[in-house]
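Novice: Sequence and predicted structure, then a few things I'm wondering about:
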Amino acid sequence: MSDARLSSLLEQIMALAAGDLSARGVVSARGDEVDAVVAALNMLAEDLRERELARASTETKSAELIVYSKELERSNAALQEFAYVASHDLQEPLRMVLSYTALLEKRLRDQLDDDTKLYLSYATDGARRMQQLISDLLAYARVGGSGLSLALVDMTTLVLGVIDELRVAIDEAEAHVDTTALPTILVDRSQLETVFRNLISNAIKYRSEAKPLVEITARLGDDRVVFSVKDNGIGIDARHFERIFKLFQRLHGSGKYPGTGIGLALCRRVVQAHGGDLWVESQEGHGSTFSFSLPSSARARSASAEP
Amino acid sequence: MHRSGDGNVRYVHIFVVGHEPFELSDGEELLSAFAKLGLAEPVAVIADIGNLRSVAVAARRLMASERAAEKISAVALIVGSPVSRAIGNFFIRFNRPPFPARLFDDEASARVFIESLARPL
């Protein structure tokens, strides 16, 4: 081996060792062992250089994704804030409309004819419905806005509390609402109360001729807990299964079944914010079962862990 | 192209001539040449690479890809020099083609390997 070829090979090795992956040696026409080492080093350098370029490209893409994700987060937060403020600010003028309509009704009660009284009652009713709508929208906007306030919650106690809260409506409908033992899991208590309040209220509201029977159960899977609220109400046609979870989508007029069309959209949003999903199984005329899953990693081993 | 007595193709023998680097375009040309053979199944290949001095990384990747495996069922590389042996070893060990591949010093041994493979040709 001549000194020149040895020096050249050594230079290539040193350059590669120093991180210069563009360093290449010349494979001579001899094609001997020295050339074999040079050829192997060339291929190694080429592979390493390509990997380095791929890594740099991945890093650039990751950095771009982080920036994009932060921008999206900021834009989402701004949108949530806007929805919250807009809904909140709308309440004040509405309160004025309601107060002054009530005042007008009170002062002019004796001077108004029946038609005008009816018009006034329409105005008051409309304003009240809008107030309810704004209040529901505020609740909807809050779910994505301030994050979750997670704690270990005994779901049996939570559901029994909601049932107590709905006692008047339950008694009026002569409904029977029952729950099995439910697990203790990591959730936002007030938001899960909202979910059960909506689902149980709906089960009573959309009742059939029969006395409402509502059953709340939980099924533990490997990585999920599935809660279900089953009723014997009017049921839902399968073609409406997705529509009912959309904001402001209602299957019935507000005359027969009052509501704003936000309840189920709000429930799904709460469940999704917890990393789960909400769905319905039903057949028109044969009751409905609303189920939602939550990650069971949030499930506590003992109910005594609740603060 | 070598055929058996019944007319089926047993293997294709290719020779790499000249000392030019084997680039991606050479690999593409080789695969399209295989496509032009119009064979129903991938075929075994004996490749004489004794004259090779270098192979571009993209060409090595192509020849070790699933695309190449659609045309090639096995490869016996005949290496006639330390350089081609280094290239062959690098290809088999680091690019890892998804079909059987081995290095041989002579054509006879390469043929024994190819014919020992049970894969129908």
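Specialist: Sure thing, it's come through. Numbering: from 1, shown residues only, chains lettered A, B, ... in the order given.

Novice: Now do the helix or strand hosting A:Leu10: which elements does it pack against?
Specialist: Secondary structure assignment for A:Leu10, by DSSP states H and E: helix A:3-17. Contacts defined by 3 or more CB pairs under 8 Å, 6 or more residues apart in numbering or on different chains; DSSP states H and E place helix A:3-17 against helix A:33-108. All C-beta spots, glycine's among them, are computed from the backbone N, C-alpha and C.

Novice: Isn't A:Ala83 up against A:Ala141?
Specialist: Yes. Counting by CB atoms under 8 Å, A:Ala141 is a contact partner of A:Ala83 at 4.1 Å.

Novice: between these two, which one's more packed in?
Specialist: Between A:Ala83 and A:Ala141, A:Ala141 has the larger neighbour count (other CB atoms under 10 Å in any protein chain shown), namely 22 against 17.

Novice: What are the buried residues along the helix or strand containing that one?
Specialist: Using DSSP H and E, A:Ala141 sits within helix A:114-145. Neighbour-count burial for helix A:114-145 flags A:120, A:124, A:127, A:130-131, A:133-134, A:136-144 (criterion: 16 or more other CB atoms under 10 Å in any protein chain shown).

Novice: In the stretch 201-307 of chain A, which residue sits nearest chain B?
Specialist: Closest contact between the stretch 201-307 of chain A and chain B, by CB to the nearest CB, is at A:Asp223 (34.1 Å).

Novice: Would you confirm that that residue contacts A:Ser296?
Specialist: Yes. With contact defined as CB under 8 Å, A:Asp223 counts as touching A:Ser296 (5.5 Å).

Novice: more crowded one of those two?
Specialist: A:Ser296 (16 against 9).

Novice: nearest residue to that one other than its sequence neighbours?
Specialist: Of all residues beyond its chain neighbours, the one nearest A:Ser296 is A:Val225 (4.9 Å), with distances taken as CB to CB, 6 or more residues apart in numbering or on different chains.

Novice: pretty sure that neighbour is in a strand, no?
Specialist: Yes. Counting by DSSP: H, G, I helix; E, B strand; the rest coil, A:Val225 is located in a strand.

Novice: Next up, the contacts around it.
Specialist: A:183, A:185, A:218-219, A:293-296, A:299 (CB atoms under 8 Å, 6 or more residues apart in numbering or on different chains).

Novice: how about a markdown table for these, with pLDDT and distance to A:Gly161 added?
Specialist: A markdown table is the format used below for those (pLDDT from 0 to 100; distance: CB to CB, whole Å):
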| residue | pLDDT | distance to A:Gly161 |
| --- | --- | --- |
| A:Pro183 | 92 | 16 |
| A:Ile185 | 90 | 15 |
| A:Ala218 | 95 | 16 |
| A:Arg219 | 93 | 22 |
| A:Ser293 | 94 | 22 |
| A:Leu294 | 92 | 18 |
| A:Pro295 | 87 | 23 |
| A:Ser296 | 78 | 22 |
| A:Arg299 | 50 | 20 |
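
Novice: and those residues, which are buried?
Specialist: Using 16+ other CB under 10 Å, the buried ones in the contacts of A:Val225 are A:183, A:185, A:218, A:293-294, A:296, A:299.

Novice: of all those residues, which two lie farthest apart?
Specialist: Farthest pair in these (CB to CB) is A:Pro183 and A:Ser293. Separation: 12.6 Å.

Novice: Looks like A:Arg5 contacts A:Val37 (just checking).
Specialist: No. Taking CB under 8 Å as the definition, A:Arg5 is not a contact partner of A:Val37, at 10.1 Å.

Novice: Chain neighbours aside, what residue packs nearest to residue 26?
Specialist: You didn't pick a chain, so chain A it is. Nearest one to A:Val26, counting by CB to CB, 6+ apart, is A:Val38 at 7.0 Å.

Novice: let's do chain B instead
Specialist: Leaving out its chain neighbours, B:Asp26 is closest to B:Ala59 (CB to CB, 6+ apart), at 6.3 Å.

Novice: show me where pLDDT drops low in chain B?
Specialist: Scanning chain B for pLDDT under 70 picks out B:5, B:7, B:118-121.

Novice: quick one: pLDDT of the residue nearest to A:Val26?
Specialist: Here the pLDDT value assigned to A:Val38 is 90.

Novice: go on, A:Phe292?
Specialist: 95.

Novice: before we move on, what about A:Pro93?
Specialist: Listed pLDDT for A:Pro93 reads 82.

Novice: what's the neighbour count on it?
Specialist: Going by other CB under 10 Å, the residues that sit close to A:Pro93 add up to 10.

Novice: again with B:Ile14
Specialist: 16.

Novice: what does B:Asp105 give?
Specialist: B:Asp105 has 12 nearby residues by other CB under 10 Å.

Novice: so what's it closest to, chain neighbours aside?
Specialist: B:Val79 is the one closest to B:Asp105 (CB to CB, 6+ apart), at 6.8 Å.

Novice: mind listing what that neighbour touches?
Specialist: Taking CB under 8 Å, 6+ apart, one finds B:49-50, B:85, B:87-88, B:103-105 in contact with B:Val79.

Novice: Distance check, it against B:Pro97.
Specialist: Plainly put, B:Val79 is 16 Å away from B:Pro97 if you go by CB to CB, to the nearest Å.

Novice: what do you get for A:Leu41?
Specialist: 22 Å.
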